[in-house]
Structures are given as structure tokens and as C-alpha cells.
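**Student:** Fold the following and give me the result.
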Amino acid sequence: MTDRRDDMLLCVSELATNALRYGVPPGRGYLLRMYGFEDATVRIEVHDGGPGLSRITGQPHGQGLTLVAALCDDWGVLARTPGKVVWSEFRCAAAWAAAHAAARQTGV
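**Tutor:** Coordinates of the predicted model:
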């Protein structure tokens, strides 16, 4: 999914920065996970152990999630114990998905 690589990298950076600034209690870290699905969707997840749920605040210093929302196809926050998971998803172009689906069927 090279056509969305820069958007994905920027979202990883924003989500990881938010986890470090707001979601990681002292002495803890965060976890980054990326998943690729057969429907040509890439999901980025950042897990942290901090309290609260991430949200768009509209504050001048809090534009990271606004940027994530603008770049990805979908995003959200899931509660977990402890902390939360902030995720974003990217879907590739339909032509790319169709070409790869055809290649899988023919074994190429």
C-alpha cells in the first residue's frame, strides 16, 4: 500500500507521540501494532496504559487526532485494562485490491 505510506507514517507518529505525552504513566511504555487484512485494509493500533480516552479537543496544541482523522479512512478509541487502544485504518485503492485478489486466485 505504497500510495498511503506517508499518511500511515504520519498517523503512527501522531498516535505514538500522543501515547508518550498523555497516555504512558511513568515507568511504562506503549505498544504499536499493525495489521494487514485481506480486504486491503491496514490497521494501526497504539496501546497505552494511561487513564482516559483520546478525543479531538479543538485546542491549538491538540491537533494530532484531527490530523489522524483527516488522513485515515476510520479511527477510534477502545478502552482496555489498563488504558486504551487508539486505532486508525487505511483502505487501499480499489484497483490495487482487485489486482491483488486476482493474483491470489491465480497463484501469481
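**Student:** drop to CA atoms for contacts and neighbour counts, all remaining ones
**Tutor:** OK.
**Student:** so where's the protein shaky on pLDDT?
**Tutor:** For the chain, residues meeting the criterion pLDDT under 70 lie at 1, 53, 56-61, 93-101, 103, 107-108.
**Student:** can you map out the helices along it?
**Tutor:** Secondary structure of the chain, counting by DSSP state H: helices at 5-18, 64-71, 94-106.
**Student:** packing partners for the second one?
**Tutor:** It stands for helix 64-71. In terms of contacts (3 or more C-alpha pairs under 8 Å, 6 or more residues apart in numbering; DSSP states H and E), helix 64-71 is packed against helix 5-18.
**Student:** which residues does residue 91 bridge with?
**Tutor:** Note on residue 91: beta-bridge partners residue 41, judged by DSSP bridges.
**Student:** Could you report the neighbour count for it?
**Tutor:** For residue 91, the count of nearby residues is 18 (other C-alpha atoms under 10 Å).
**Student:** list the contacts for residue 4?
**Tutor:** 90, 92 (C-alpha atoms under 8 Å, 6 or more residues apart in numbering).
**Student:** Check the one 10 residues further on too.
**Tutor:** Residues touching residue 14, when contacts are defined by C-alpha under 8 Å, 6+ apart, comprise 64, 65, 68.
**Student:** same question, residue 29
**Tutor:** Residues in contact with residue 29 (C-alpha under 8 Å, 6+ apart) are 20, 48, 49.
**Student:** what's the nearest residue to residue 43 if we skip its chain neighbours?
**Tutor:** residue 89 (4.4 Å; C-alpha to C-alpha, 6 or more residues apart in numbering).
**Student:** do the same with residue 34
**Tutor:** Going by C-alpha to C-alpha, 6+ apart, residue 34 has residue 44 as its nearest residue, at 4.6 Å.
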